[in-house]
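K.L.:
Mind looking at a prediction? Sequence and model below.
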Amino acid sequence: MTIDPDECRRLMGDAVVGRVSWVSEDGRLQVLPVNYGLVDDRIVFRVAQGTILEELATPRAVAFQVDDLDGQTATGWSVLVQGRTGPWSGEVPVISPWAPGRREVAVAIEPTSWSGRSVSADEGV
């Protein structure tokens, strides 16, 4: 079942980890997890200098996906955001990264579209 864009925003606001995907400067598809927060419908996260994620501080097309799946109940949802990245100079939400290390570069994704699907074993797919 599809999820409307407003519900996609609400679901993403409750999550803390998503996957950002883009075609890197060397032409390879990248898909990496990041801890994030939402600020005025923008997806904001920090990355470390000198890493491949720092490419995202320059404008480029990306996709960002967040899922929540429950194996016990066979239910869940998935939200996909399409957008463009760029540097972020505003306030960054307090995000506790799961991986160690310093992240000095703030990045934001400006969404151009929000889509999502919910799944349930009871509904049939």
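P.N.:
Done, it's in.
K.L.:
count of residues packed around residue 63?
P.N.:
Neighbourhood size, residue 63 [other C-beta atoms under 10 Å]: 15. For glycine as for every other residue, the C-beta is placed from the backbone atoms N, C-alpha and C.
K.L.:
Give the bridge partners for it, please.
P.N.:
residue 21, residue 82 (DSSP bridges).
K.L.:
wait, what's in contact with it?
P.N.:
Contacts here follow C-beta atoms under 8 Å, 6 or more residues apart in numbering; on that basis residue 63 touches 20-22, 80-82.
K.L.:
Next, format these as JSON lines and append neighbour count and distance to residue 1.
P.N.:
Putting the contacts of residue 63 into JSON lines (neighbours: other C-beta atoms under 10 Å; distance: C-beta to C-beta, whole Å) gives the following:
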{"residue": "20", "neighbour count": "24", "distance to residue 1": "25"}
{"residue": "21", "neighbour count": "14", "distance to residue 1": "24"}
{"residue": "22", "neighbour count": "21", "distance to residue 1": "28"}
{"residue": "80", "neighbour count": "18", "distance to residue 1": "15"}
{"residue": "81", "neighbour count": "25", "distance to residue 1": "19"}
{"residue": "82", "neighbour count": "14", "distance to residue 1": "20"}
